[in-house]
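Trainee: need a structure here:
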Amino acid sequence: MSATPRSTPHSQRDLQKARTRRALLDAGLALLEEQSLSSIGLREITRAVGIAPAAFYRHFRDVSDLGVALVEESLGSLHAVIQAGLTERTEDGERIDHLVDAIARYVHEHPEHIRFVCRERHGGVAAVRVAIGAQLDRFAEEVAEALAHDEVSRGWSGEDLRMLGEIYVDHMVMTASAFLEAAQGEGPPEDVVSRTARRQLRLISLGRRHWTSDPANP
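Mentor: Numbers count the residues shown, from 1 in each chain. Sure thing, here's the model as predicted:
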């Protein structure tokens, strides 16, 4: 029976570095519960983790760099879920149910991530705004690519498919924000948010079936 290999000093250092980076991300996200990223100081984050301020720079260039990492974490995991819902389901009703349920579930599991994205999408840290915009652009491209394979999309221009993708993404962000407000006891309750989101997506779907791309009349 072979012996279990021992961890090398190098692997132990890597593990500790990963843990510290994770702790910094978690601390930043916790502080963002009550304030915006632009108002958070580096020392505030490192104090919460229990490390010296200088150690922060082993993981991030500055607080905005940490914010960009949080954007990638907050939205990145949604890509596969959303894309699977669009490509593995071809019936509009099933797609709509999947999208709304997936968004509701994500908000329940990661409310702090959704709160961060909704707040910072138009916030004061330019690098984070750009990162959020890039993630949402990627979402729109993926949605447009998935919907392009539908029979109803036959003859659509690339510009119109991209527009449709952006409409879906804007709706997803709006729905996530509404679910978050419902969870906080603000605005309509969750069942109303869910019903409204489904009706709005059905309206988009209906309009899509009657849309004709016309390059002469953009």
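
Trainee: any low-confidence regions in this protein?
Mentor: 1-10, 214-218 (pLDDT under 70).

Trainee: middle-most residue in it, spatially?
Mentor: residue 75 (2.3 Å; CA atoms, centre = their mean).

Trainee: quick check: closest non-adjacent residue to that one.
Mentor: residue 135 (4.3 Å; CB to CB, 6 or more residues apart in numbering). Where you see a C-beta, it was placed from the backbone N, CA and C, and this is true even at glycine.

Trainee: what sits up against the helix or strand where that neighbour lies?
Mentor: Here residue 135, judged by DSSP states H and E, is contained in helix 126-147. Identification of contacts with helix 126-147 by CB atoms under 8 Å, 6 or more residues apart in numbering yields 37, 64-65, 67-68, 70-72, 75-76, 78-79, 82-83, 86-87, 117, 120-123, 153, 158, 161-162, 164-166, 168-169, 172-173.

Trainee: quick one: buried residues of it?
Mentor: Under the neighbour-count criterion of 16 or more other CB atoms under 10 Å, helix 126-147 has 127-129, 131-132, 135-136, 139-140, 142-144, 146-147 buried.

Trainee: could you pick out the buried ones from the contacts of helix 126-147?
Mentor: 37, 64-65, 67-68, 70-71, 75, 78, 82, 86, 117, 120, 123, 153, 161-162, 164-166, 168-169, 172-173.

Trainee: from those, which land in helices?
Mentor: 64-65, 67-68, 70-71, 75, 78, 82, 86, 117, 120, 161-162, 164-166, 168-169, 172-173 (DSSP state H).

Trainee: which strands and helices sit next to the one helix or strand residue 208 maps to?
Mentor: Using DSSP H and E, residue 208 sits in helix 190-209. With contacts taken as 3 or more CB pairs under 8 Å, 6 or more residues apart in numbering; DSSP states H and E, helix 190-209 sits against helix 92-109, helix 158-183.

Trainee: now that helix: buried residues?
Mentor: 190, 193-194, 197-198, 201, 208.

Trainee: what is the nearest of those residues to residue 91?
Mentor: Closest approach to residue 91 among these (CB to CB): residue 201, at 12.8 Å.

Trainee: count the neighbours of the nearest residue to that closest one once chain neighbours are set aside for me.
Mentor: Once flanking residues are discounted, residue 201 sits nearest to residue 96: 4.5 Å by CB to CB, 6+ apart. Residue 96 sits with 20 neighbouring residues when counted by other CB atoms under 10 Å.

Trainee: likewise residue 185?
Mentor: 7.

Trainee: just residue 45 next, same as before
Mentor: 23.

Trainee: what does the particular helix or strand that has it in it contact?
Mentor: Here residue 45 sits within helix 42-49, counting by DSSP H and E. With CB under 8 Å, 6+ apart as the test, helix 42-49 has contacts from 20, 23-24, 27-28, 30-31, 52-53, 55-56, 62-63, 66.

Trainee: going through those, which ones are buried?
Mentor: Buried among those by 16+ other CB under 10 Å: 20, 23-24, 27-28, 31, 56, 63, 66.

Trainee: make TSV out of these and add secondary structure.
Mentor: Putting these into TSV (DSSP: H, G, I helix; E, B strand; the rest coil) gives the following:
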residue	secondary structure
20	helix
23	helix
24	helix
27	helix
28	helix
31	helix
56	helix
63	helix
66	helix
